[in-house]
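# Model the following, please.
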Amino acid sequence: MELEHNRFYHIYNRSNNEEIVFKDRENYSYFLNKYFHYVNSFADTLAYCLCRHIFTFSFTSRRKKLKQSETISVCC
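Next comes the predicted model:
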């Protein structure tokens, strides 16, 4: 998928039958580390939410790099 500059994107997913994906804090950390490792090279994350069986991210294509601390996060 090719991203256009200055466009907003929203990605989300949930588990089947509300199965718990994030069972403990380490699962949340592992997932976020992988996400930022791959996505930071091409997008700025504006906000994200990780719940036990759902994740959602809002981001825009990169023109300048934002720091991870400039994002808004919510964990359920």
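
# Pairing partners for Phe57 in the sheet, please.
Beta-bridge pairing for Phe57 (DSSP bridges): Ile11, Tyr48.

# roughly how far apart are the residue nearest the centre of the chain and Asn17?
Nearest residue to the geometric centre of the chain (CA atoms, centre = their mean): Phe57, 4.1 Å. Here the distance between Phe57 and Asn17 works out to 22 Å (CB to CB, to the nearest Å). For the C-beta atoms, the positions are set from N, CA and C on the backbone; glycine is no exception.

# circling back: residues touching the residue nearest to the centre of the chain, list them.
10-12, 35, 39, 45, 47-48 (CB atoms under 8 Å, 6 or more residues apart in numbering).

# how far is stretch 12-23 from where the chain is centred?
Computed by CA atoms, centre = their mean, to the nearest Å, the chain-centroid distance of stretch 12-23 equals 15 Å.

# Would you mind listing the buried residues in it?
Residues 21-22 are the ones in stretch 12-23 that count as buried (16 or more other CB atoms under 10 Å).

# That concludes my questions; thank you for your assistance.
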